[in-house]
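J.: structure for the following, please:
(one chain, ligands or ions: 1)
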Amino acid sequence: MQLKDPTLLRQQAYVNGQWADADNGESIVVTNPATREKLGTVPNMGTAETRRAIEAANAAWPAWRKKTAKERAAVLRKWYDLITENADDLALLMTTEQGKPLAEAKGEVAFGAGFIEWFAEEAKRIAGDTLQSPWPDKRLVVTKEPIGVCAAITPWNFPIAMITRKAGPALAAGCPMVLKPAEATPFSALALAVLAERAGVPPGVFSVVTGAPKEIGAEMCSNPIVRKLTFTGSTQVGRILMQQCAPTIKKLSLELGGNAPFIVFDDADLDAAVEGAIASKYRNAGQTCVCANRIYVQDGVYEAFAAKFTAAVKQLKVGNGVEPGVTQGPLIDDKAVQKVEQHVADALAKGGRLLTGGHRHALGHSFFEPTVIADVTDQMIVASEETFGPLAPLFRFKTDDEAIALANSTEFGLAAYFYSRDIGRVWRVAEGLESGMVGVNTGLISTDVAPFGGVKQSGLGREGSKYGIDDYLVIKYICLGGI
Ligand code: ADP
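T.: Okay, here's the model as predicted:
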């Protein structure tokens, strides 16, 4: 990996403004999923190091919260500028440890930096309220304060953006943050820490602890200093963390699993629907929580859509993400491939019709062929479980009510998409879908400006947008008497 600035690749964790190894001297290996080459190591930290990071955050909190919003915004703006200036290196680092095509990695760096810029601006717009008093001699005032020390646990599928959309609002609101990035993608997180340090984020305000998920997570959840935990990952781990946070009643933001339905109605612009489905399904090799997981196509256009969609899928180019023209990189690891294989085998055993793909790719490792299966039914695993890989299952439906019922028939409710040109249907379906986000005639919805989050077992809280900072603030009511 040829970085323009090799100092962005750090093999130590960043705790209280110091680059540090694990107390026990152990480290964990980070590999390139496209080549299986070892990229380097990061410290295998645990409970003690996490506790020190939390205590340092607490010590740094008073000075950070006392800064004016404008002062905090200036530091965040500098961080944003540095991320943007180093976008090429950050993208290369990300592709190398995560696998996504370089163009997608560059897109993520810009998307991720956007959260820092957005919340730098939002810092200045945290405003309280004055309420009508029911008493002539009292005045009622509401202020908003930073919640305090925040802990964050992030996944490997968006190694930068999942961090910035937590750290951006936390720091803007006046909260310090201790982060545990995913084991597979710590280098992107540590590069962000390098740039935070250069931007003037004070020691302790942003720490990155790498290592053992269970130990670090348990300390973050049980330590009473931590007032809030923000997590992006699986629903299964989200449940564990919620349980672990119960004794200390922490505020929680949980961005959990999705199982996004993608509905194509008879009146859809089929070419646009194909384009949207490709973008939604195969981005990041199908490894995003808002990827279309179940594609429902209305009877009248089913075969036409299946043919056009399959033709477009055959155009995708699988390979190492650093090579030009590649549109689909490797999956993150073998476990991820096994899950796709299991979903494919189950669908085919129960009557699914393979239109393309279906196997591990000739490139080996964790590369998988972009796959389309038709005649999928709700009896198959893909109907209820998130595949998190490049498998598009095509279900058939007849009526709008049936489509809405099928779309809502999971425990998840993150993103949903549909294509239709009938304005009445657009409203009815958008309102009928049980999900935190709906894409109408588009397969791409994420932006720093809009609120991202789910309903049902897809999570709690919203990230990004003018709503995203509320998750890091608490309301204080001041009753001023004796007037
Ligand atoms: P994914 O399937 O996307 O890897 P996970 O929920 O397993 O989702 O992982 C998301 C993040 O949660 C990662 O940083 C991982 O290290 C962390 N994690 C996994 N298990 C635990 C746990 N028991 N406690 C705390 N963090 C965990």
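J.: contacts and neighbour counts: CA atoms only from here.
T.: Will do.
J.: what residues sit buried inside the helix or strand containing Arg77?
T.: Under the criterion of DSSP states H and E, Arg77 resides in helix 69-85. Using 16 or more other C-alpha atoms under 10 Å as the test for burial, helix 69-85 gives 69, 71-84.
J.: same check on stretch 246-258?
T.: Buried, per 16+ other C-alpha under 10 Å, within stretch 246-258: Lys250, Lys251, Leu252, Ser253, Leu254, Glu255, Leu256, Gly257, Gly258.
J.: next, the last one: secondary structure please.
T.: For Gly258, the secondary-structure state derived from DSSP: H, G, I helix; E, B strand; the rest coil is coil.
J.: quick check: residues of the stretch 251-400 of the chain near the ligand?
T.: Not one residue of the stretch 251-400 of the chain sits near the ligand, judged by C-alpha under 6 Å from any ligand atom.
J.: ok, which stretches of the stretch 251-400 of the chain are strands?
T.: 251-255, 260-264, 292-298, 353-356, 371-376, 391-397 (DSSP state E, counting those that start in this stretch).
J.: pick the most buried one from these.
T.: Across the strands of the stretch 251-400 of the chain, averaging neighbours per residue (mean count of other C-alpha atoms under 10 Å) puts strand 260-264 on top, at a mean of 30.
J.: tell me the strands beside that one, with direction?
T.: strand 292-298 (parallel), strand 415-419 (parallel) (DSSP bridges).
J.: in TSV, list those along with mean pLDDT.
T.: Putting the strands paired with strand 260-264 into TSV (pLDDT from 0 to 100) gives the following:
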stretch	mean pLDDT
strand 292-298	98
strand 415-419	98
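J.: out of these, which comes closest to Thr371?
T.: strand 292-298 (12.1 Å; C-alpha to C-alpha).
J.: distance from the chain centre to the closest one, please.
T.: 22 Å (C-alpha atoms, centre = their mean, to the nearest Å).
J.: so what's Gly300 up against?
T.: Asp266 (C-alpha atoms under 8 Å, 6 or more residues apart in numbering).
J.: mind checking how far it is from Gly114?
T.: Separation of Gly300 from Gly114 (C-alpha to C-alpha, to the nearest Å): 41 Å.
J.: if you average pLDDT over the helix holding Arg77, what comes out?
T.: pLDDT averaged over helix 69-85 equals 98, rounded to a whole number.
J.: return that helix as PDB; C-alpha atoms alone will do.
T.: C-alpha atoms of helix 69-85 as PDB (Å, rounded to 0.1, in the frame of the first residue of the first chain):
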ATOM      1  CA  ALA A  69     -19.800  26.200  20.100                       C
ATOM      2  CA  LYS A  70     -17.800  28.300  17.700                       C
ATOM      3  CA  GLU A  71     -14.500  27.100  19.100                       C
ATOM      4  CA  ARG A  72     -15.600  23.500  19.000                       C
ATOM      5  CA  ALA A  73     -16.900  24.100  15.400                       C
ATOM      6  CA  ALA A  74     -13.500  25.400  14.400                       C
ATOM      7  CA  VAL A  75     -11.700  22.300  15.600                       C
ATOM      8  CA  LEU A  76     -14.300  20.000  13.800                       C
ATOM      9  CA  ARG A  77     -14.000  22.100  10.700                       C
ATOM     10  CA  LYS A  78     -10.200  21.600  10.700                       C
ATOM     11  CA  TRP A  79     -10.700  17.900  11.200                       C
ATOM     12  CA  TYR A  80     -13.100  17.900   8.200                       C
ATOM     13  CA  ASP A  81     -10.500  19.800   6.100                       C
ATOM     14  CA  LEU A  82      -7.800  17.300   7.000                       C
ATOM     15  CA  ILE A  83     -10.000  14.300   6.100                       C
ATOM     16  CA  THR A  84     -10.800  15.900   2.800                       C
ATOM     17  CA  GLU A  85      -7.200  16.700   2.000                       C
END
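J.: thanks a lot, catch you later.
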